[in-house]
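Peer 1: the sequence isn't on hand, but the structure is:
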């Protein structure tokens, strides 16, 4: 297949796009700057960097010609809902290639369910509730699509990830944990997540309209992971607790248990994580981030 990856130079995209090429696909990687070091790294992995920006449909419209599937891994922070709606319309006009649409575990918000699955309703008051709204709008368009809701991603260079933020905090000696110290989160290694996308692309006709939660079954407390990350990065002092109101809006959106089951992904996609979790090898993941 020919696949366009939106966000190809980002954290997940930079690992997924080469994996799709290794699986035998022709892969276009949408990037603002095809001459950037990260875009050149994609080219070295046989991914074709193409110029474009999610917030400007005219910049990527031509790249949709002949594409069989689009993997959407970006968020336009200036207009996240509007840019995604525009993408849906562009894909319909381009002949309706299959869209792999990524949301995430924090989209649920605070809900009365010990374990989240694909049928759990989201909290409409969540700061990220618009992502569930977009999932419903996408389904209503009739566009062929599959939704992936990953847990918190770790591994690799960890850029723009929570684990990367926490490694940086440890290195800076700024070990402040925000919010509920008892909250637990589902995590997934970036390459295991790439495997889930590849599994979807292997069976597009079977998974049209489906939603998959993707993450490891063991869900440690966020404070356990935070402490392990800052210690791995060299912080030896105390870990301070601070109210969530002092954190940014994305941290506030995740200040609750976000424990998902991936039973459906295992059953339908044959997917299973190959890593044992962030805590099992935190020094390795810190070294990868540092490098």
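Peer 2: That came through fine. The shown structure was predicted, so the numbers you read here are calculated from the model rather than taken from an experiment. Numbers count the residues shown, from 1 in each chain.

Peer 1: burial measure for the nearest residue to residue 106 once chain neighbours are set aside, as a count.
Peer 2: Excluding the flanking residues, the one nearest residue 106 by C-beta to C-beta, 6 or more residues apart in numbering is residue 254, at 4.5 Å. Every residue, glycine included, has its C-beta placed from N, CA and C. Neighbourhood size, residue 254 [other C-beta atoms under 10 Å]: 27.

Peer 1: before we move on, what about residue 35?
Peer 2: Quick note: residue 35 (other C-beta under 10 Å) scores 10 neighbours.

Peer 1: any idea which element it lies in?
Peer 2: Using DSSP states H and E, residue 35 maps to neither a helix nor a strand.

Peer 1: where does it land on pLDDT?
Peer 2: Residue 35 carries a pLDDT value of 95.

Peer 1: and for residue 107?
Peer 2: 96.

Peer 1: now the closest residue to it other than its chain neighbours: how far from residue 206?
Peer 2: Distances taken as C-beta to C-beta, 6+ apart put residue 131 closest to residue 107, at 4.2 Å, once the chain neighbours are dropped. Distance, residue 131 to residue 206, by C-beta to C-beta, to the nearest Å: 24 Å.

Peer 1: OK, contacts around the residue nearest to residue 106?
Peer 2: Going by C-beta atoms under 8 Å, 6 or more residues apart in numbering, residue 254 touches 106, 183, 185.

Peer 1: just residue 256 next, same as before
Peer 2: 109-110, 180, 183.

Peer 1: name the residues of the helix or strand bottoming out on mean pLDDT in the chain that are buried.
Peer 2: In the chain, no helix or strand scores lower on mean pLDDT, DSSP states H and E than helix 249-253, which sits at a mean of 93. Using 16 or more other C-beta atoms under 10 Å as the test for burial, helix 249-253 gives 251, 253.

Peer 1: how far out from the middle of the chain is it?
Peer 2: 16 Å (C-alpha atoms, centre = their mean, to the nearest Å).

Peer 1: list of residues touching that helix?
Peer 2: In this structure, residues lying in contact with helix 249-253 by C-beta under 8 Å, 6+ apart are 106, 109, 126-128, 178-179, 244-245.

Peer 1: re earlier: and residue 131 and residue 206? Which one has more around it.
Peer 2: residue 131 (23 against 11).

Peer 1: please, where are all the strands along the protein?
Peer 2: For the chain, the strands defined by DSSP state E occupy 2-6, 26-31, 48-51, 69-72, 98-102, 145-150, 152-154, 176-178, 187-189, 211-214, 240-242.

Peer 1: and stretch 111-129, which residues are buried?
Peer 2: Applying 16+ other C-beta under 10 Å to stretch 111-129 flags 116, 118, 122-123, 126, 128-129 as buried.

Peer 1: gap between residue 168 and residue 123?
Peer 2: 30 Å.

Peer 1: an error on my part: the question was meant for residue 40.
Peer 2: For residue 40 relative to residue 123 (C-beta to C-beta), the value is 42 Å.

Peer 1: contact partners for the residue of the chain most remote from its centre?
Peer 2: Note on the chain: the largest C-alpha distance from the chain mean falls to residue 237, namely 31.5 Å (C-alpha atoms, centre = their mean). Applying C-beta under 8 Å, 6+ apart to residue 237 gives the contacts 173, 175.

Peer 1: okay, it: pLDDT?
Peer 2: pLDDT at residue 237 comes out at 96.

Peer 1: against residue 231, how distant is it?
Peer 2: Residue 237 is 10 Å from residue 231, by C-beta to C-beta.

Peer 1: ok, now residue 35?
Peer 2: 39 Å.

Peer 1: likewise for residue 157?
Peer 2: Distance of residue 157 to residue 231, given as C-beta to C-beta: 20 Å.

Peer 1: for the stretch 151-291 of the chain, what spans make up the helices?
Peer 2: Taking DSSP state H, counting those that start in this stretch, the helices of the stretch 151-291 of the chain run over residues 162-171, 190-201, 222-232, 249-253, 263-264, 282-290.
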